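Asker: I'll drop the sequence and a predicted model, then ask my questions.
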Amino acid sequence: MDYRRFGDRIVVRIDKGEELCASLLELAGREGIRLASVSGIGATNNVTLGVFRTAEKEYVSRTYASTDYELGSVTGTLSRRDGEPYLHLHAVIGSPAEGECHAGHLNSAVISATCELAVEVMDGEAGRKFSEEIGLNLFEF
């Protein structure tokens, strides 16, 4: 991973073989990020996406590793939970070769070529607190 900070924005390049979520968490630690929005694009050949089943209050995940996938969109937030960096990212992946797209909560993505991210750091902090009613870690202001 390499990055440059331009005021409240950070431009990030994640390199082949690096894991996207781990790289962002490392960046948050290095830069002391407490709250930010994240967006980006890239390529992967090993990605795990999840969907939250509201009735069961559980995530169901699936790994896609059969071919090369474009990360058509990575978007979400970086906040804090129990004082530690916390990611909530979604992604859309596509395989022109297979003619299909998949989307969901981004659990992990090993980069197969490159990934370009823009991180917009915000003043302030939003924590996370688990909601028994919903079954998710919701923003806590």
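Answerer: Structure received.
Asker: Can you point out the buried residues in the longest strand along the chain?
Answerer: Assignment by DSSP state E gives strand 100-121 as the longest strand of the chain. Within strand 100-121, the residues that count as buried by 16 or more other CB atoms under 10 Å are 102, 104-112, 115, 117-119, 121. The way it works is simple: take the backbone N, C-alpha and C, and place the C-beta from them, glycine included.
Asker: Buried residues of the next helix or strand after it, list them for me.
Answerer: Counting by DSSP states H and E, the element after strand 100-121 in chain order, helix or strand, is strand 127-130. Going by neighbour count (16+ other CB under 10 Å), the buried part of strand 127-130 is Gly127, Arg128.
Asker: On the strand side of things, show who the spatially closest residue to Glu18 that is not a sequence neighbour bridges to.
Answerer: The shortest distance from Glu18 to any residue other than its chain neighbours is 5.4 Å, reached at Ile111 (CB to CB, 6 or more residues apart in numbering). Per DSSP bridges, the residues bridged to Ile111 are Thr44.
Asker: wouldn't Ile111 be in contact with Ile41 here?
Answerer: No - the criterion here is CB atoms under 8 Å, and Ile111 misses it with Ile41 at 11.2 Å.
Asker: what about stretch 55-66, start to end distance?
Answerer: Stretch 55-66 has an end-to-end distance of 30 Å (criterion: CA to CA, to the nearest Å).
Asker: Give me the residues contacting it.
Answerer: 45-53, 93, 98, 102, 104-105, 107, 134-135 (CB atoms under 8 Å, 6 or more residues apart in numbering).
Asker: can you rerun that using 6 Å?
Answerer: Among residues not part of stretch 55-66, those counted as contacts by CB atoms under 6 Å, 6 or more residues apart in numbering are Asn46, Val47, Thr48, Gly50, Val51, Phe52, Asn107, Gly135.
Asker: what residues are up against the first one?
Answerer: This points to Asn46. Applying CB under 6 Å, 6+ apart to Asn46 gives the contacts Ala65, Val110.
Asker: The helix or strand hosting it - what's its average pLDDT?
Answerer: When secondary structure is defined by DSSP H and E, Asn46 falls within strand 36-53. Averaged over strand 36-53, pLDDT sits at 97.
Asker: ditto for stretch 124-141
Answerer: In the prediction, stretch 124-141 has an average pLDDT of 94.
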